[in-house]
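*Asks:* Generate coordinates for the sequence data below:
(one chain, ligands or ions: 1)
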Amino acid sequence: MIERGKFITLEGGEGVGKSTNLAFLQARLLDAGIDVRVTREPGGTPLGEAIRSLLLNEGPTAPSALAEVLLVFAARAQHIQEVIEPALAAGRWVLCDRFTDATYAYQGFARGLSQSAIATLESLVQGSLQPDLTVLLDLPPSIGLKRASQRAELDRFEVEDEAFFNRVREGYLTRSLENPERWLVINAGQDLEGVQRALAQGFSSWMASHGS
Ligand code: TMP
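*Replies:* Numbers count the residues shown, from 1 in each chain. You can find the predicted model right below:
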């Protein structure tokens, strides 16, 4: 029987260096000889990418807070069925740029939707599927937003104020404390070398206890 792959997610607020460190984590997995499928949320499928545009774009199609969470989970349902479950079942590992912890942080803590409403959707859409490991790149929004503001164009989330991103951060940190064995929290305020050293160390020790 094929051993099921592991499901790793990467989370963080704006400007924390998610893309660079996602590539770094992917390289560590490849070095370890692990076949990894890299994907992202919202997105990862044709339907998910179409929903991503609806979520990120301002203008007449911009969703309400409730529509927003339903769209996030619609994209996730498709992503699980089309990409995540088939990969894990085939023994591949999945490295996903954001997953449901982002929904608790952004739609829950920051937008104010109840945790129990999100938990209901989570259970409907995911059943028992949960990440095996979640890496949080943690950075005070006062720093992250300065980095993110240098980007060419800001999306519908990136234009939110610092208070919004303080709640996002609080959401992630609260969740990491509730379930610490699933989380690897990295201080993303160090220089890139320091971040990647911490990431490599944390990841190796997780691999030693959970990786096979
Ligand atoms: P990204 O640009 O970091 O890939 O993510 C796109 C945005 O989507 C980001 O601002 C966070 C937001 N988001 C949510 O609000 N809820 C979610 O469940 C996910 C996965 C992302």
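*Asks:* Would you mark the buried spots in the helix or strand of the chain with the lowest mean pLDDT?
*Replies:* Ranking every helix and strand in the chain by mean pLDDT, DSSP states H and E puts helix 141-148 at the bottom, with a mean of 87. For helix 141-148, burial by neighbour count (16 or more other C-beta atoms under 10 Å) applies to P141, G144, L145, A148. All C-beta spots, glycine's among them, are computed from the backbone N, C-alpha and C.
*Asks:* Would you agree the first one is in contact with R169?
*Replies:* Yes - under the contact definition of C-beta atoms under 8 Å, P141 touches R169, with a separation of 6.1 Å.
*Asks:* okay, and the common contacts of these two?
*Replies:* Here P141 and R169 have G13 as joint contacts, going by C-beta atoms under 8 Å, 6 or more residues apart in numbering.
*Asks:* before we move on, the earlier item: in the buried residues of helix 141-148, find the pair that's most separated.
*Replies:* P141 and A148 (9.2 Å; C-beta to C-beta).
*Asks:* Quickly list what's touching both of the two.
*Replies:* E14.
*Asks:* now the helix ranked longest in the chain, how far from the centre of its chain.
*Replies:* The longest helix of the chain (DSSP state H) is helix 192-210. Computed by C-alpha atoms, centre = their mean, to the nearest Å, the chain-centroid distance of helix 192-210 equals 18 Å.
*Asks:* try stretch 127-135
*Replies:* For stretch 127-135, the distance from its own C-alpha centre to the chain's C-alpha centre is 11 Å (C-alpha atoms, centre = their mean).
*Asks:* Does the ligand have contacts with that stretch?
*Replies:* No - using C-beta under 6 Å from any ligand atom, stretch 127-135 stays clear of the ligand, with a minimum separation of 12.3 Å.
*Asks:* So for that stretch, what gets flagged as buried?
*Replies:* Buried, per 16+ other C-beta under 10 Å, within stretch 127-135: P131, D132, L133, T134, V135.
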